[in-house]
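*Asks:* coords please:
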Amino acid sequence: MYHLVSTNPTNYGTIKFRSSIGSMNSVVMYRVASLSTIASFSMTTPDDYLVIETTIEDEAIELTLRFTEHGAYDMRTLANELNFLIDGQLGTYEDQPIQFLITMDSTNRLIISANKEFVIKEATHRARLILGLYHDFLPMVSTNKKVYCSSVPYLCYGNVLYLTSKTDFIATLNIDNHEINRSICYKVNELLYPGVPISCKLPGNWSIIHTDVLASLEFNLCDFMLQPVILHAPLYITIELQRLDAKTNDANLLNFIEEI
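*Replies:* The predicted structure follows:
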């Protein structure tokens, strides 16, 4: 059993693990037994942006709205915060007023309105999470000067996180009608409240890996779309290893080992 912790404040969501077991040229049973941290994430950073195209005097222009460093958002104030951000950056352009207004409907989905037709051309992953555009295809063209975001904003990554690693164990997810194969070694099913500890004590599934993988293994905490999260507290995980019985008569297990 190994107790691991991330120690890099600029990348708390990643744990790097090295073990001498990696020199043993065999296979072992492996699983993540527990995971804990504090729910302190950057939901947006200055690297996140939204690109909007519109026209001024029949000339197409692109406007880039940049986000700020921000932890978990509040659904009750999200629209107002976004409007404040827009007013500060996209208020006017060459003395021609361009007005945008973000409102929220009764289902907590955002509506982006303007005083002229526009197109949302591009958005970073975290910007799409906050706006509820994570399952929409860009570019999105306004209708009657409005764009309706199809999904509810993710304010603190919801209740699903994945711990991924580069191992032989592959899991398949369906995202945007595409199958994505990733090495997922643990799934966090917890309600995430800003500043509150996350404590997962239910062990993950066993898998079989080569011991040479353990010579240099990296774990990454990802969101529900398998994108790395920005975590601001140490991440703790416990992993368990078990040797395989060389005399086992389980044919399925032996076949699995031979395939590896």
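
*Asks:* any chance you could map the strands in the stretch 51-200 of the chain?
*Replies:* Assigned by DSSP state E, counting those that start in this stretch, the stretch 51-200 of the chain shows strands spanning 59-66, 92-93, 96-97, 100-104, 110-114, 119-123, 140-141, 146-148, 160-165, 171-175, 178-182, 184-189, 197-200.

*Asks:* out of the ones you listed, which comes closest to Ser19?
*Replies:* strand 160-165 (13.1 Å; CB to CB). The C-beta positions use only the backbone N, C-alpha and C, and glycine is treated the same way.

*Asks:* okay, now the residue nearest to Ala127 when sequence neighbours are not counted: neighbour count?
*Replies:* On the basis of CB to CB, 6 or more residues apart in numbering, the spatially nearest residue to Ala127 that is not a chain neighbour turns out to be Asp48, at 4.6 Å. Counted by other CB atoms under 10 Å, the residues lying close to Asp48 total 22.

*Asks:* and Asp48, what is it in contact with?
*Replies:* Residues counted as contacts of Asp48 (CB atoms under 8 Å, 6 or more residues apart in numbering) are 66-67, 124, 126-127.

*Asks:* Show the buried residues in those residues.
*Replies:* When burial is judged by neighbour count using 16 or more other CB atoms under 10 Å, the buried members of these are 66-67, 124, 126-127.

*Asks:* out of these, which are inside helices?
*Replies:* Filtering the buried ones among the contacts of Asp48 for membership in helices, criterion DSSP state H, returns 126-127.

*Asks:* Looking at the buried ones among the contacts of Asp48, which one is closest to Phe118?
*Replies:* Distance to Phe118 across the buried ones among the contacts of Asp48 (CB to CB) is lowest for Ala127, with 15.8 Å.

*Asks:* Surely that closest one is in contact with Leu50?
*Replies:* Yes. Under the contact definition of CB atoms under 8 Å, Ala127 touches Leu50, with a separation of 5.2 Å.

*Asks:* and the closest residue to Ala123 other than its chain neighbours, how many neighbours?
*Replies:* Closest residue to Ala123 apart from its sequence neighbours, by CB to CB, 6+ apart: Leu50 at 4.8 Å. Neighbour count of Leu50, defined by other CB under 10 Å: 25.
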